[in-house]
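Asks: build me a model from this:
(2 chains)
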Amino acid sequence: MSAKVLLHVGTPKTGTSYLQDVLFRNQRVLAQHGILYPADRFDAHFLAALDLMRLPWGGLETEAVGAWDRLAARVREHGGTAVISHEILATASRSQVGRALESLGHGDGTEVHLVLSVRDLVRQIPAEWQENVKHRSTISYAAFLDQVRDPAREGRIATWFWGVQEIPDILDRWGHDLPPERVHLVTVPPPGGPPEVLWRRFSRAFGLDDVDLDLHAERANPSLGVPETALLRRVNRAANRVVEPAHYRPLVRELLAHQTLSRRTRSPRLALPPDVHPWAQQLAASWAAEIDRRGYDVVGDLADLTGAPPLSRWSDPDRPAERQVAGAAVEAIRALLLENVRLREEEARLHGELAETRRALERSYLRPSYRLREKVVRRLQTGRAGRGALAVYRRLRGRSSRSA
Amino acid sequence: MTSGGTSGERRAWGWVASLREGGTTPWSAWTGEAQARGRVLPGAQQLELLRRVNLAGRPTPELVRRVLGASAPGRGRPDLELVGAVDPGPFGPRPVDPADLPTDELVRVATSVLADDLVATALPEAPSARRPWRRRFRLVGDPWLADAARAELRARGRAAGGRGSVALVLATDLGTMLTHAWAHRVTGEGAPPWRAWLAEAVARDRVPPRADVLHALRAWDARVGRERVRLVLDPAALPGLTGTRRPLAAPPALSADGAELARRTAPVLGLLVRPERRTRVLREVLVPRVVALGGPPLVVSPEHAAWVAAQAERVHRTVRAAGYPVVGDPGALLPREHAGVAEPSEDGVLALAVRLLLAGPAESDSRDRRGDEDR
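Replies: Numbering: from 1, shown residues only, chains lettered A, B, ... in the order given. Predicted coordinates for the structure are as follows:
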């Protein structure tokens, strides 16, 4: 039974990919300090979350069968501290939370700590829209904002958004059974500051200050600018019907969005429209007051939730500057061409290998023993008795060389 | 929410206790109170589903426990609070009167419980004996017809396949084949709703591959030669063509609501078992149970009838012109009037799900449902 479990349940777009990358790559170092990060693959905790919440995810869920129970079993078997981290856990229902906590040993001697990393709504709202677009959505920014601001919250967009972003509600669901001192809120610092500040906050919340970790990032979930996101949305509209999710992930999300378009950092950044800005800041202020009242352990500053003031020049992703979109599109075409070149070269290499294999096979056919055996089989196949003998031989040999 | 609590909370726990005992009073009419009997109040969706189950029969205590503990799978509305039980605070989704919940939300929860029942049911054993002197044939074409015939013939020791097989391309009128193709996809890799799927085919002006008789005929013609291809439009001729005497049973007549329930349950099953087993669970466990409960089948809606008729005429004309060997009347390819409904009904799907939940797993699977074959 784990003595202590640190359960990081969100929220998305708060540096979680970086944190999970550091934890995944440093499993050995962590183990030397008695800390278990149980993951055979980078997305192990994501799959476990899909399993816990019975959440289909474009076919990936087929790899998630039984993943939560396996993860929980590894945590229970560990004697020290264990860390679990995935941001979509934020949306778990109360009964799923109950099952998760029980499976990790809560109420049975294990000290469960909840960690929630949070960022201001001013950045989270456009970031969530961008995440939707990176997951095949074609919804406009305006329609997304309308759905998010609709008090009824009945659509899929709104239920998901508030499920993973409404901090007091997430803490109600996940922190219901935990004393406030075991609930740790890590706030993401405002933009423009030194990038290591966020890591230092994570490190403190997870008790990693004394662990010498390799902090070199291999994975991140980089952001796109306005014209790049607008381009991706147009790509979705044109290609969703013909590109299956299994191909979309590597080609559109990885190659185009993450590896190509995210490098265009000089384009206008996504932001809240000026008329929505006050609503978001007001809401964030009410959240900060509620969190303060509840007495959680805040790592950082609740003032971080307020967010930056509105931009003096806001760029509307539903009406992007076409010249900028064209520039992004050229970059995208270049990346696709290069990928195509790589695939053609790979195809040519495989053709060469296949031709060589065929030649080797033909050489083996030319050996006298093969020709003799071939002659015997041909002769046997001309008569009923011979065919029967061949069938008996093949059955006895036990190979699946019988005709289909 | 903790034990004790406000009068609203005690009223909610009173309703929970009543539903546990088989109560059917709607939340808005409930007045009794009780102490908390759990970590948190079950969600409005779970409670209303249990009330509907109670209205339809007498659930076992185990089913009651599972319904109250279930969460709605997939994306959608979270577990909701009961209006009047808790103060609507400034955070979280609004509390609801469970009677106002869309049926769709209750179906979501029901599919999660039903999926557990389905994977707990043993899969039928497939007979493997082959008669060495059997006639050699393959069953292709309409996959719904072909699968049913193949399974029955296999049970009689007349497995399809073998050297020199004749390809029997099974087909019927295009409207029925389209419903078969959709049902086959629903119980296979999954499918969009019937109307959306059909509208997509019409918009593309292309018959979906599983209902495309011409494609099947051409493919088998090219593969084995025309002398070994038959277009079979007369089901009564199938025993003779496959070397058996007794007539074959009709293929399973899946109701519109049954097919939709399968479509809604398939994604949840995808999180419980591997895809190959999911298909078997849907086709060999869920479909027979749903078929046994009856209900009107799907038919093509009037808005798409003209397109289906035009496509059927084209197929009919091409088959005759190409001279494929046909067993039966080629006119069977043309549209026919069928009794049925143009789309499933949400209430019907929920009623069906409730009946299946009350029936429980047909037979417990002795193996661990997440055993080796699922990994």
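
Asks: up against chain A, what does chain B have?
Replies: Neighbours of chain A within chain B, by CB under 8 Å from any CB of the partner chain: B:39-40, B:42-43, B:46, B:69-79, B:90-94, B:112, B:161-163, B:267-268, B:270-275, B:370, B:374-375. Yep, even glycine has a C-beta here, placed from its N, CA and C like the rest.

Asks: ranges for the strands of the chain?
Replies: Assuming you mean chain A. With strands called from DSSP state E, chain A shows them at A:4-8, A:35-36, A:81-85, A:111-118, A:183-187, A:297-299.

Asks: could you do chain B instead?
Replies: Along chain B, counting by DSSP E, strands occupy B:137-141, B:166-170, B:229-232, B:326-327.

Asks: what's the closest of the ones you listed to A:Ala288?
Replies: When the strands of chain B are compared by CB to CB, strand B:137-141 sits nearest A:Ala288, at 64.7 Å.

Asks: buried set for that closest one?
Replies: Of all the residues in strand B:137-141, those buried under the rule 16 or more other CB atoms under 10 Å in any protein chain shown are B:137-141.

Asks: what residue spans form the domains of chain B?
Replies: B:7-86+B:93-101, B:137-369 (automatic domain parsing).

Asks: can you redo these as TSV with mean pLDDT?
Replies: Shown next, in TSV, are the domains of chain B (pLDDT from 0 to 100):
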stretch	mean pLDDT
domain B:7-86+B:93-101	95
domain B:137-369	93
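
Asks: let me see the contact set for the closest residue to B:Ala146 other than its chain neighbours.
Replies: For B:Ala146, ignoring the flanking residues on the chain, the nearest one in space by CB to CB, 6 or more residues apart in numbering or on different chains is B:Leu139 at 4.1 Å. The neighbours of B:Leu139, taking CB atoms under 8 Å, 6 or more residues apart in numbering or on different chains as the test, are B:145-146, B:149-150, B:153, B:160, B:168, B:170.

Asks: so which of those is the most crowded?
Replies: Counting neighbours by other CB atoms under 10 Å in any protein chain shown, the top entry in those is B:Leu170, with 28 neighbours.

Asks: that one reaches B:Arg150, doesn't it?
Replies: No: using CB atoms under 8 Å, B:Leu170 is not in contact with B:Arg150, being 9.8 Å away.

Asks: now the residue of the stretch 201-350 of chain A found nearest chain B: closest residue in space that isn't a chain neighbour?
Replies: With CB to the nearest CB, the shortest gap between the stretch 201-350 of chain A and chain B falls at A:Ser286, namely 6.3 Å. Counting by CB to CB, 6+ apart, A:Ser286 lies nearest to B:Pro90, which is 6.3 Å off, once chain neighbours are set aside.

Asks: and what of A:Ala92?
Replies: Nearest to A:Ala92 is A:Met53, by CB to CB, 6+ apart, at 5.5 Å.

Asks: show me what contacts that neighbour?
Replies: Counting by CB under 8 Å, 6+ apart, the residues that A:Met53 touches are A:88-89, A:91-93, A:96, B:71, B:73.

Asks: grab the nearest non-local neighbour of the residue of the stretch 201-350 of chain B found nearest chain A.
Replies: The stretch 201-350 of chain B approaches chain A most closely through B:Pro267 (4.4 Å), counting by CB to the nearest CB. Nearest non-adjacent residue to B:Pro267, counting by CB to CB, 6+ apart: A:Pro56, 4.4 Å away.

Asks: hang on, isn't the one you found packed against B:Thr111?
Replies: No: counting by CB under 8 Å, A:Pro56 does not reach B:Thr111; the two are 11.6 Å apart.

Asks: more neighbours, these two?
Replies: Neighbours were counted for A:Pro56 and for B:Thr111 using other CB under 10 Å; B:Thr111 has more, 27 against 19.

Asks: show me which residues of stretch A:228-235 are buried.
Replies: By 16+ other CB under 10 Å, the buried positions in stretch A:228-235 come out as A:228-233, A:235.

Asks: correction: the previous question concerned stretch B:321-329.
Replies: Of the residues in stretch B:321-329, B:324, B:326-328 count as buried by neighbour count, 16+ other CB under 10 Å.

Asks: likewise for stretch A:155-167?
Replies: A:155, A:157-167.

Asks: now these in JSON lines, with pLDDT and distance to B:Val341?
Replies: Below are the buried residues of stretch A:155-167 laid out as JSON lines (pLDDT from 0 to 100; distance: CB to CB, whole Å):
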{"residue": "A:Gly155", "pLDDT": "87", "distance to B:Val341": "27"}
{"residue": "A:Ile157", "pLDDT": "93", "distance to B:Val341": "31"}
{"residue": "A:Ala158", "pLDDT": "95", "distance to B:Val341": "32"}
{"residue": "A:Thr159", "pLDDT": "94", "distance to B:Val341": "30"}
{"residue": "A:Trp160", "pLDDT": "95", "distance to B:Val341": "32"}
{"residue": "A:Phe161", "pLDDT": "96", "distance to B:Val341": "36"}
{"residue": "A:Trp162", "pLDDT": "96", "distance to B:Val341": "36"}
{"residue": "A:Gly163", "pLDDT": "96", "distance to B:Val341": "35"}
{"residue": "A:Val164", "pLDDT": "96", "distance to B:Val341": "38"}
{"residue": "A:Gln165", "pLDDT": "96", "distance to B:Val341": "41"}
{"residue": "A:Glu166", "pLDDT": "97", "distance to B:Val341": "40"}
{"residue": "A:Ile167", "pLDDT": "97", "distance to B:Val341": "46"}
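
Asks: check contacts around A:Arg123.
Replies: Contacts for A:Arg123 were tallied using CB under 8 Å, 6+ apart; they are A:13, A:191, A:307-308.

Asks: mind redoing it with 10 Å?
Replies: By CB atoms under 10 Å, 6 or more residues apart in numbering or on different chains, A:Arg123 lies in contact with A:13-14, A:188, A:190-191, A:223, A:269-272, A:280, A:307-308.

Asks: out of everything not next to it in sequence, what's closest to the residue in the stretch 1-150 of chain B that chain A sits nearest to?
Replies: Relative to chain A, the nearest point of the stretch 1-150 of chain B is B:Pro73 (3.6 Å; CB to the nearest CB). Once flanking residues are discounted, B:Pro73 sits nearest to A:Arg54: 3.6 Å by CB to CB, 6+ apart.

Asks: what is the neighbour count of the nearest residue to A:Gly59 once chain neighbours are set aside?
Replies: Excluding the flanking residues, the one nearest A:Gly59 by CB to CB, 6+ apart is A:Pro245, at 5.6 Å. By the criterion of other CB under 10 Å, A:Pro245 has 15 neighbours.

Asks: could you tell me how many residues sit around residue 87?
Replies: Going with chain A. A:Glu87: 25 neighbours (other CB under 10 Å).

Asks: let's do chain B instead
Replies: Residues contacting B:Asp87 under the criterion other CB under 10 Å number 9.

Asks: gap between it and B:Thr6?
Replies: B:Asp87 sits 8 Å away from B:Thr6, going by CB to CB, to the nearest Å.

Asks: check A:Phe42 too.
Replies: A:Phe42 sits at a distance of 46 Å from B:Thr6 (criterion: CB to CB).

Asks: which neighbours do B:Leu170 and B:Arg150 share?
Replies: Common neighbours of B:Leu170 and B:Arg150 (CB under 10 Å, 6+ apart) are B:139-140, B:143.

Asks: right, I'll call it a day here.
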